[in-house]
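>>> take a look and give me a structure for this.
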Amino acid sequence: MYELKTKETDENVMDFIEKVESVKKREDAYQLIDIFTEVTGLEAKMWGPSIIGFGKYHYKYKSRHEGDAPLVGFSPRKAKISLYLAVGDESREDILKDFGKHTTGKACVYVNKLADIDILVLKKLIRESVKFTQKNYPE
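Predicted structure coming up:
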């Protein structure tokens, strides 16, 4: 049976951030913790070895695959900062028009550094993502 790799852990978020090699990425990670905490009102938790998540929800797909995931989160990766936001939220593309320098993947928005983006737009993205996920995956 398939076992999820990305599960909530008891690892210390601050210890993880202190291990990030780039001083600038560490500073951005601390700022992101403040931003995500302010917007969500939730505590930062480690998910797997490298994702900092806020809140959680339970998903169940038609394929019967199910599990828990953070509502929103981020990871200060070596190449870029990965922002984990709701998949399928149609408002995301409109909001991203004013976001600043970024790239996107299926589930992530990638930024080099926080100085490249509009923090107010990031806060809106986080709020909309949480709202979308809670609407689509009610407890």
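>>> which SSE is residue 128 in?
helix 119-136 (DSSP states H and E).
>>> what mean pLDDT does that helix get?
Confidence over helix 119-136 (mean pLDDT, whole number) is 96.
>>> so where's this structure uncertain?
1-5 (pLDDT under 70).
>>> tell me which stretches of it form strands.
44-47, 51-54, 57-60, 66-69, 72-76, 81-84, 103-104, 108-111 (DSSP state E).
>>> rebuild those strands as CSV, extending it with mean neighbour count and distance to residue 31.
C-beta here means a position set from N, CA and C on the backbone, and glycine is covered the same way. Below are the strands of the chain laid out as CSV (neighbours: other C-beta atoms under 10 Å; distance: least, C-beta to C-beta, whole Å):
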stretch, mean neighbour count, distance to residue 31
strand 44-47, 21, 12
strand 51-54, 22, 12
strand 57-60, 13, 25
strand 66-69, 15, 23
strand 72-76, 24, 11
strand 81-84, 22, 10
strand 103-104, 12, 20
strand 108-111, 20, 12
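>>> circling back to that earlier point, and the helix holding residue 128, what other elements does it pack with?
helix 23-40, strand 72-76, helix 91-96 (3 or more C-beta pairs under 8 Å, 6 or more residues apart in numbering; DSSP states H and E).
>>> ok so, going back, dump the strands of the chain into TSV; add distance to residue 28 as well.
Shown next, in TSV, are the strands of the chain (distance: least, C-beta to C-beta, whole Å):
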stretch	distance to residue 28
strand 44-47	14
strand 51-54	12
strand 57-60	26
strand 66-69	23
strand 72-76	7
strand 81-84	6
strand 103-104	16
strand 108-111	9
